[in-house]
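Q: got a predicted structure here, sequence first:
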Amino acid sequence: DAGVTQSPTHLIKTRGQHVTLRCSPISGHKSVSWYQQVLGQGPQFIFQYYEKEERGRGNFPDRFSARQFPNYSSELNVNALLLGDSALYLCASRGGGSYEQYFGPGTRLTVT
Amino acid sequence: DAKTTQPNSMESNEEEPVHLPCNHSTISGTDYIHWYRQLPSQGPEYVIHGLTSNVNNRMASLAIAEDRKSSTLILHRATLRDAAVYYCILRDAGGQGGKLIFGQGTELSVKP
């Protein structure tokens, strides 16, 4: 079985632009979470989606939004990019009844 | 969310045991103790979790203090592949399963 996949792998954007990051969970996993990891720090929780509904939101501005599709894949959108949004964005999926989260390799976003 | 405290870094020799400590003095009765690790250039991966009793799996052992205010992740024979940042995380059993609060973690280096 394939693990969690994310696209693109790397991305370079300019301040003020918009970006969409994509995540495909492990087959059968209905929960998807997004994290931001700034260099040198641990991942910070952004969103959790389960069955296409938002189940949790971290302390991030409204410029960050996400959605989950009927096939349980997910998108993270960030508007009006700032230099401080430069980070590794991680997606994790979780199966029902399991505490274990499976992380993808991440998307490295650089804002110039 | 209850907080954990870990040493910033530790060193180990290859094929020797490693004990990674974690303090969580404000842990509540419903908090599970989770450990994840993040190898260089990868997303975090689940290692082990427990509530009250010590736990063993193929990757590691988790020793939990009787008062649950501290725990220790034990790698029985460190390999070079175990060099990673190890995160100790408390997760409320009644909370959102998809939300993990990461701290700074312990960066483990393994010497040949």
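A: Thanks, I have the structure now.
Q: going forward, measure contacts between C-alpha atoms and count neighbours the same way
A: OK.
Q: so where is chain B shaky, pLDDT-wise?
A: B:1-2, B:93-97 (pLDDT under 70).
Q: where do the strands sit along it?
A: B:9-13, B:18-23, B:31-38, B:45-50, B:55-56, B:61-64, B:70-75, B:84-92, B:106-111 (DSSP state E).
Q: let me see the contact set for residue B:33.
A: B:49-51, B:88-91 (C-alpha atoms under 8 Å, 6 or more residues apart in numbering or on different chains).
Q: could you dump those residues into TSV and include distance to residue A:58 and neighbour count?
A: Below are these laid out as TSV (distance: C-alpha to C-alpha, whole Å; neighbours: other C-alpha atoms under 10 Å in any protein chain shown):
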residue	distance to residue A:58	neighbour count
B:49	23	24
B:50	25	19
B:51	25	18
B:88	19	31
B:89	16	25
B:90	16	25
B:91	15	25
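Q: which one, of the strands of chain B, ends up nearest to residue A:6?
A: Proximity to residue A:6, assessed across those by C-alpha to C-alpha, is greatest for strand B:45-50 (15.5 Å).
Q: hmm, back to that, of all the strands of chain B, which one comes closest to residue A:34?
A: strand B:45-50 (14.6 Å).
Q: residues in contact with that closest one?
A: Contacts for strand B:45-50 (C-alpha under 8 Å, 6+ apart): A:100-103, B:32-38, B:55-57, B:59-62, B:64.
Q: just the buried ones from the residues you listed, in ChimeraX syntax?
A: To isolate the buried members of the contacts of strand B:45-50 in ChimeraX, using 16 or more other C-alpha atoms under 10 Å in any protein chain shown:
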select /A:100,101,102,103 /B:32,33,34,35,36,37,38,60,61,62,64
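Q: so which of the strands of chain B comes closest to residue A:76?
A: Comparing the strands of chain B by C-alpha to C-alpha, strand B:45-50 comes nearest, at 21.0 Å.
Q: sheet partners, orientation included, of that closest one?
A: strand B:31-38 (antiparallel) (DSSP bridges).
Q: angle of the strand it pairs with against strand B:70-75?
A: 40 degrees (axes from the mean of the first three to the mean of the last three C-alpha atoms, to 10 degrees).
Q: is it true that residue B:25 touches residue B:69?
A: Yes - using C-alpha atoms under 8 Å, residue B:25 makes contact with residue B:69 at a distance of 4.4 Å.
Q: and the gap between the closest residue to residue A:69 other than its chain neighbours and residue B:80?
A: Of all residues not flanking residue A:69 in the chain, residue A:52 sits nearest, at 6.1 Å (C-alpha to C-alpha, 6 or more residues apart in numbering or on different chains). Going from residue A:52 to residue B:80 by C-alpha to C-alpha, to the nearest Å gives 40 Å.
Q: which of those two has more neighbours?
A: A side-by-side neighbour count of residue A:52 and residue B:80, using other C-alpha atoms under 10 Å in any protein chain shown, places residue A:52 first with 18 against 14.
Q: contact partners for the more buried one?
A: With C-alpha under 8 Å, 6+ apart, residue A:52 has these contacts: A:67-70, A:72.
Q: and the strands in chain A?
A: A:5-7, A:10-13, A:19-24, A:31-37, A:44-50, A:53-57, A:64-68, A:74-78, A:87-94, A:102-103, A:107-111.
Q: what residues does stretch B:85-102 touch?
A: With C-alpha under 8 Å, 6+ apart as the criterion, stretch B:85-102 contacts A:31-33, A:42-45, A:47-48, A:55-56, A:93-94, A:99, A:101, B:1-4, B:6, B:22, B:27, B:30-39, B:103-108.
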